[in-house]
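*Asks:* sharing a model prediction with you, sequence too.
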Amino acid sequence: MTDPSYRCDGCGATLRAVDELTVESGVAGRSWFCGYCGTSVDSVVAEKLSHVEDGTATDRRP
């Protein structure tokens, strides 16, 4: 399996987990943004990152 990551178009940060994204819910769905600079992130990429298990102590997924 490939490393699920995304390089932000705005600041160049490598985003690897949902903790590095911010989300805003609206009438038409969710909008995802880089947690560092606020640049919008493609929703398909963001949804994939939102399901990544990073293995840290804060990762409570089974």
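*Replies:* Now that the structure is in, tell me what you want to look at.

*Asks:* can you give me phi and psi for residue 48?
*Replies:* Dihedral angles of residue 48 (phi, psi; degrees, to the nearest 10) stand at phi -60, psi -40.

*Asks:* how many neighbouring residues does it have?
*Replies:* Neighbours of residue 48 under the rule other CB atoms under 10 Å: 14. In short, each C-beta sits where N, CA and C put it, glycine included.

*Asks:* please apply the same query to the one 4 residues further on.
*Replies:* Using other CB under 10 Å, residue 52 has 17 other residues around it.

*Asks:* again with residue 46
*Replies:* 21.

*Asks:* part of a helix, is it?
*Replies:* Yes - with DSSP: H, G, I helix; E, B strand; the rest coil as the criterion, residue 46 is located in a helix.

*Asks:* my guess is it contacts residue 32. True?
*Replies:* Yes - the pair residue 46 / residue 32 is scored as a contact, 3.4 Å apart, by CB atoms under 8 Å.

*Asks:* overlap of the contact sets of those two?
*Replies:* Taking CB atoms under 8 Å, 6 or more residues apart in numbering as the contact rule, residue 46 and residue 32 both touch 21, 23.

*Asks:* this structure: helices as residue ranges?
*Replies:* Ranges of helices within the chain are 43-49, based on DSSP state H.
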